[in-house]
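Chemist: The following block contains a protein sequence and its predicted model.
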Amino acid sequence: MSTGPAPRQHVSPSAFDTTPLFMREAPTGKDVEVSEDDQNTLAALQSLIHEGDPEEVASNFKDQGNEYFKSRRFREAMGFYTQGVEALTIQSIDGKPKIVEVQEKDRPLYNALLLNRAAVNLELENFGKVLKDVKLVLETDPQSSKALFRASKALVKLRRYEEALDACDRCLSFDPDNGGVKSVRMTAQKELDLEVKKSKQKAEAEEKEKAKKAALSLALQHHGIKVLKDNTDPEHFPFLDPPTPPYPTSAELICRVVLVYPQYGQTDLIVRFSTDDTLGAHLDTILPDPETGSDVPFASWDDKHEYISTKINVYVKTRKGRVLRLGRNKTLAEICKTTKGKDGEDDGLVVGQGVIAFVVVPKGSLAEEKYLKSVKEEKDRKSQGL
């Protein structure tokens, strides 16, 4: 007479703490000792695997996985859920393991194992694996609220917000009162809106920067200024004020200019020299002129008091090596026009290390003579190919 199936054996998580999970048999060898408790635990493990039909075995694994999940021992729980899935999908045929189709009667249990494993992977942040398991569930149960809920949570974590919203909407179409899905949907919509806003701001900023660069390029070309590519901080490069004027060629271009005093190896930096500014206006703020009552002091290194605003000459070397003397009443825009030369000469000022260099020497001084001599010698060497 049939007595019905044997009662399901329950094993608590603590029983496995000192026994390797899924050990199939006790270790052997003369130096190996296995305690009675370990033997009992191993027997319980073996019963999970061998007792009953595949459905009973899978159900045993599911129950053990649930125990571990409640204890927040997620990796162990995932191991049991996986063993349960394999109990339903792998059978020994002719002594060899073969993958088989899940029987329809076992489908609810199979889906439950997949969903539980997906829940574990959510905790472990294995979001791709979550989607893999819920996809298998949805293939046979497209109205699984748990599958769509866990899919939507994983998709939010993967920042795939539009897909998350789709999963939520599919669930809410047949389960409109699902509070968990509604909450995930609100999060997904909020993150998507924020992402769209950031994307729009980024696109606008890129477009603005593109227009800014185009305007600056047009202005530099108009003034004949060549900016050398070096390791200079871009913040030190010339810029337009405003950055994107309607007419870049007539807009105010701001450059950094360094005054070089070769006689003493000294420099002064002018951080904001506009194309509308005259050279003399800047010289008067840096060098003294006792005849006009200027209160600008002589530089500490100018012990001979030679460097007077109205009694110096300023020179600049163009891109093609021409050295020109600059008038103090000329604006930077006018200086640019002069250094460009005639049409077709392709000459002009050079910005190197973020600055345009002007050489300053006292008029008629030995320092001026030495500077012009060095310029001539350099020109001669170049003409001779030296």
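Modeler: Structure received.
Chemist: Where do the helices of the chain begin and end?
Modeler: Counting by DSSP state H, one finds helices in the chain at the ranges 36-50, 54-70, 74-89, 107-123, 127-140, 145-157, 161-174, 179-223, 279-286, 332-340, 366-383.
Chemist: Can you tell me which of those is nearest to F358?
Modeler: helix 279-286 (7.7 Å; CB to CB). C-beta coordinates here come from the backbone N, C-alpha and C atoms, glycine included.
Chemist: Now that closest one: buried residues?
Modeler: The neighbour-count check on helix 279-286 (16 or more other CB atoms under 10 Å) flags 279-280, 282-284 as buried.
Chemist: looking just at contacts, which helices and strands does it meet?
Modeler: Packed against helix 279-286 by the contact rule (3 or more CB pairs under 8 Å, 6 or more residues apart in numbering; DSSP states H and E) you find strand 266-274, strand 312-317.
Chemist: Can you say which of those is packed in most?
Modeler: Mean neighbour counts were compared across those using mean count of other CB atoms under 10 Å; the top stretch is strand 312-317, at a mean of 19.
Chemist: relative to helix 279-286, how tilted is that one?
Modeler: Our comparison of strand 312-317 with helix 279-286, counting by axes from the mean of the first three to the mean of the last three CA atoms, to 10 degrees, yields an angle of 120 degrees.
Chemist: Could you say which of the helices of the chain is packed most deeply?
Modeler: Highest mean neighbour count among those (mean count of other CB under 10 Å): helix 145-157, a mean of 24.
Chemist: Now tell me what touches it from outside.
Modeler: Outside of helix 145-157, the residues that reach it under the criterion CB atoms under 8 Å, 6 or more residues apart in numbering are 111, 115, 118-119, 122, 125, 127-128, 130-131, 134-135, 137-138, 141, 161, 163-165, 167-168, 170-171, 175, 178, 180-181, 184-185, 187-188, 191.
Chemist: Report the contact partners of K210.
Modeler: No contacts exist for K210 under CB under 8 Å, 6+ apart.
Chemist: I'd like to know how far it sits from P243.
Modeler: Distance of K210 to P243, given as CB to CB, to the nearest Å: 11 Å.
Chemist: hang on, the earlier thing: relative to Y261, which of the helices of the chain is closest?
Modeler: Evaluated over the helices of the chain, closeness to Y261 peaks at helix 366-383, with 8.4 Å, by CB to CB.
Chemist: quick check, nearest of the buried residues of helix 279-286 to E67?
Modeler: The nearest one, if we look at those relative to E67 and count by CB to CB, is H282, at 82.0 Å.
Chemist: Surely that closest one touches F273?
Modeler: Yes - taking contacts as CB atoms under 8 Å, H282 lies within contact range of F273: 6.3 Å.
Chemist: got the buried residues for stretch 303-314?
Modeler: Residues of stretch 303-314 classed as buried under the neighbour-count rule (16+ other CB under 10 Å) are 306-309, 312-314.
Chemist: ok, so of the residues you listed, who is nearest E195?
Modeler: Of all the buried residues of stretch 303-314, E195 sits closest to V314, with 54.7 Å by CB to CB.
Chemist: What sits closest to E306 if chain neighbours are left out?
Modeler: Excluding the flanking residues, the one nearest E306 by CB to CB, 6 or more residues apart in numbering is P362, at 4.3 Å.
Chemist: residues in contact with that neighbour?
Modeler: When contacts are counted by CB under 8 Å, 6+ apart, P362 is found next to 263, 306-308, 311-313, 368.
Chemist: For the protein, give me the ranges with low pLDDT.
Modeler: Scanning the chain for pLDDT under 70 picks out 1-51, 344, 386.
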